[in-house]
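Trainee: everything below, folded, please.
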Amino acid sequence: MSRAQKDIRGAALWAAGSQYFGFVLQFATSVIISRFFLAPAEIGLFSVALAAALLLSILQDFGLTRYISGHPEADEATIRTCTVIAVLFSLVIAGAILAISVPAAWFYAEPRLAPILALIAASYLFTPWSIVPLALLQRQLDFRSVFFANAAGAVANAAVALALSANGFSAASLAWAMIAQAAVRAVVAQVQRPTPPAWPPSLKGARPILSFGSASSVLFVSGALGVRSPDLIVGRMLGMAAVGLYSRGSALAAQLHMLVIGAIGGIFYPAFARLRDEGQPLGPAYERVVAAHGAIVWPAMALIAVLAEPVIRLLYGDAWSGAAPLLSWLALAEMGFVMLPLHVDLPILLGRIRTLIWLNLIDTALSLGTLIAGAWWGIEWAAASRLAYVAGWYVLYAGWMHRLVGFRWQAMLAIYLRSAAVTVLTVLPAIWAVREWRSAATLGFDGLAAAGVLSALAWIAALALIRHPARREIEGLGAHALAPLLRRIRPARA
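Mentor: Okay, here's the model as predicted:
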């Protein structure tokens with residue numbers, strides 16, 4: 001194995017550890033808060049506030065993470081300028097969120113939105129102090145240091161959210177938790193990789209950064225409209241309780257997706273940057289990324305779709321059972337979105353951002369249009385509309401990504417077919433559990449655990465039986481993860 005491969009696998013494991021640690025805390029916190037402290041309408045209130053803030057805060061990064069990760073040198077002068085830009089944008093974003101707080105409260109006829117938005121605005125004042133140091137650490141594939149910064153922030157978020165929600169702070173407890181997370185994450189990131197701005201502040205050399213960031217910001221705003229607007233649209237059309245159910249289903253689907261493979265997504269950008277700089281073809285590497293997503297994300301999301309009702313009932317209680325069908329639809333949609341991974345990152349890396357912006361604008365219009373049409377008929381139709389959206393999304397990007405990256409259609413089709421076969425074999429035990437053994441409503445914890453274990457065993461067997469192209473990568477990652485443990489065991493046996 002080459003040194004580069006070892007570095008990437010090590011980075012992937014630290015990135016996975018960061019993602020899993022954060023997921024466990026966030027997941028456990030959301031379960032406890034939803035089951036014992038906050039009702040769907042209160043969760044919906046915070047979801048609407050957060051979605052409105054995120055539409056503006058998408059400019060916070062201003063493309064700095066990708067700019068630094070892809071920069072050939074990232075010298076100290078560039079770093080200081082990036083830090084100044086990050087601080088300036090944090091002030092603008094915080095002011096913008098504060099400015100919309102009262103109009104948003106009036107638009108939704110919900111006075112509690114204003115103070116929650118004001119708290120969220122305050123959290124963005126801490127964000128610039130983590131953006132640049134974490135980007136530098138990612139550029140160096142030092143995901144060990146990234147882990148500690150993210151983990152510290154996650155602990156702060158969970159502690160504050162639980163303490164305040166238990167003491168009657170309602171939806172505001174989640175906003176205070178955001179402030180705690182941003183502050184702690186910034187402090188730890190600065191300890192790991194200090195990035196003090198020049199004094200007096202200087203924007204010398206900012207032109208290429210602002211040029212890159214301007215194009216990136218148009219792209220990210222367009223993308224944010226598609227990603228963040230569902231909560232806003234559902235909240236306006238169907239009410240806070242409905243958006244609470246929708247946001248719980250969508251958040252759980254997204255969290256489980258990130259748990260499965262999203263952790264290593266952060267290493268792909270610098271890894272492909274290396275291939276680009278070395279003049280290596282991107283097509284074969286891209287096919288391996290597609291295979292990894294198909295082998296892992298497809299079976300996992302299909303399993304969640306089948307077991308959505310017992311999962312929701314077990315975690316959140318019967319009051320949240322309305323989120324179960326929404327979770328099923330949204331989990332199936334997540335499968336479609338990994339058929340063309342890195343559809344934003346690679347065009348940026350390869351300097352095709354202008355074309356990407358136009359495609360993303362069409363993408364956003366398609367997302368909003370299908371969602372509004374679905375929400376017109378009800379909350380479940382709104383969730384089901386994501387399948388129509390993902391079909392249009394694939395048609396929009398597939399041909400362009402083929403020309404850009406150079407993957408082989410025949411290889412992609414083979415990957416899709418093998419991934420589908422692995423997925424079907426994986427979910428068969430779960431389908432049997434909710435159709436023949438028990439029902440979805442009565443499966444219980446023991447039944448859910450049994451279905452999960454049987455499906456996991458079926459997945460392992462299916463990877464070998466189908467000879468999925470990602471099998472060796474998965475085995476190699478597992479061996480790399482277990483290597484330290486094996487090294488300790490062997491001397492002990494000797």
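
Trainee: can you name the element that comes right after the one helix or strand Ser367 maps to?
Mentor: For Ser367, the host element (DSSP states H and E) is helix 353-377. Per DSSP H and E, the first helix or strand lying C-terminal to helix 353-377 is helix 379-405.

Trainee: list the buried ones in that following helix?
Mentor: 379-380, 382-390, 392-393, 396-397, 400-402, 404-405 (16 or more other Cβ atoms under 10 Å). All C-beta spots, glycine's among them, are computed from the backbone N, C-alpha and C.

Trainee: on that earlier part again, helices and strands around the helix holding Ser367, which ones?
Mentor: helix 207-238, helix 345-349, helix 379-405 (3 or more Cβ pairs under 8 Å, 6 or more residues apart in numbering; DSSP states H and E).

Trainee: beyond the last one, next helix or strand please.
Mentor: The first helix or strand that comes after helix 379-405 along the chain, using DSSP H and E, is helix 409-432.

Trainee: do the first one as well
Mentor: Under the assignment DSSP H and E, the closest C-terminal helix or strand after helix 207-238 is helix 240-260.

Trainee: leaving out the residues flanking it, which one is nearest to Leu164?
Mentor: Nearest non-adjacent residue to Leu164, counting by Cβ to Cβ, 6 or more residues apart in numbering: Ser173, 3.4 Å away.

Trainee: please, which helix or strand holds the one you found?
Mentor: Taking DSSP H and E as the criterion, Ser173 maps to helix 172-192.

Trainee: ok, and what's touching that helix?
Mentor: Outside helix 172-192, the residues that touch it by Cβ atoms under 8 Å, 6 or more residues apart in numbering are 33, 37, 46, 49-50, 112, 115-116, 119-120, 122-130, 133-134, 137, 145, 148-150, 152-161, 163-165, 169.

Trainee: quick one: contacts for Ala420?
Mentor: Ala420 makes contact with Trp298, according to Cβ under 8 Å, 6+ apart.

Trainee: what's around Ile415, how many residues?
Mentor: Ile415 has 24 neighbouring residues, counting by other Cβ atoms under 10 Å.

Trainee: tell me the buried residues in the helix holding Ser367?
Mentor: Going by 16+ other Cβ under 10 Å, helix 353-377 has these buried residues: 353, 356-357, 359-361, 363-364, 366-368, 370-372, 374-375.

Trainee: can you list the weak-confidence ranges in the stretch 301-450 of the chain?
Mentor: Filtered on pLDDT under 70, the stretch 301-450 of the chain yields no residues whatsoever.

Trainee: show me what the helix or strand that Leu314 is a member of is packed up against.
Mentor: Assigned by DSSP H and E, Leu314 belongs to helix 308-316. Taking 3+ Cβ pairs under 8 Å, 6+ apart as contact, the helices and strands that helix 308-316 lies on are helix 240-260, helix 324-337, helix 444-466.

Trainee: can you do 6 Å?
Mentor: helix 324-337 (3 or more Cβ pairs under 6 Å, 6 or more residues apart in numbering; DSSP states H and E).

Trainee: determine the number of other residues adjacent to Leu428.
Mentor: The number of residues packed near Leu428 is 15, by other Cβ under 10 Å.

Trainee: if you could redo that for Asp345, that was the one I meant.
Mentor: Asp345: 18 surrounding residues under other Cβ under 10 Å.

Trainee: and Pro111, how far from Val48?
Mentor: Applying Cβ to Cβ, to the nearest Å, the value for Pro111 to Val48 is 13 Å.

Trainee: who has more neighbours, those two?
Mentor: Val48 (27 against 10).

Trainee: what residues are up against that one?
Mentor: By Cβ atoms under 6 Å, 6 or more residues apart in numbering, the residues touching Val48 are Asp231, Gly235.

Trainee: okay, and it sits in which element?
Mentor: helix 40-57.

Trainee: quick check: buried residues in stretch 466-474?
Mentor: Buried residues in stretch 466-474 (16+ other Cβ under 10 Å): Ile466, His468, Pro469, Ala470, Arg471, Glu473, Ile474.

Trainee: need the max-distance pair from these.
Mentor: Greatest spatial distance in these: Ile466 and Glu473, 14.7 Å, computed using Cβ to Cβ.

Trainee: out of the buried residues of stretch 466-474, the closest to Ala414 would be?
Mentor: Nearest member of the buried residues of stretch 466-474 to Ala414, counting by Cβ to Cβ, is Pro469, at 7.8 Å.

Trainee: how far does stretch 307-317 sit from the chain's center?
Mentor: Distance, stretch centre to chain centre, for stretch 307-317: 22 Å (Cα atoms, centre = their mean, to the nearest Å).

Trainee: for Ser439, helix, strand, or coil?
Mentor: coil (DSSP: H, G, I helix; E, B strand; the rest coil).

Trainee: count the neighbours of it for me.
Mentor: Neighbour count for Ser439, taken as other Cβ under 10 Å: 13.

Trainee: quick one: the helices in the stretch 51-200 of the chain, in order.
Mentor: 64-70, 76-107, 113-123, 128-139, 143-166, 172-192 (DSSP state H, counting those that start in this stretch).

Trainee: report the angle between the axes of the third one and helix 40-57?
Mentor: Counting by axes from the mean of the first three to the mean of the last three Cα atoms, to 10 degrees, helix 113-123 points 50 degrees away from the direction of helix 40-57.

Trainee: helix 113-123 versus helix 240-260: what angle between them?
Mentor: 30 degrees.
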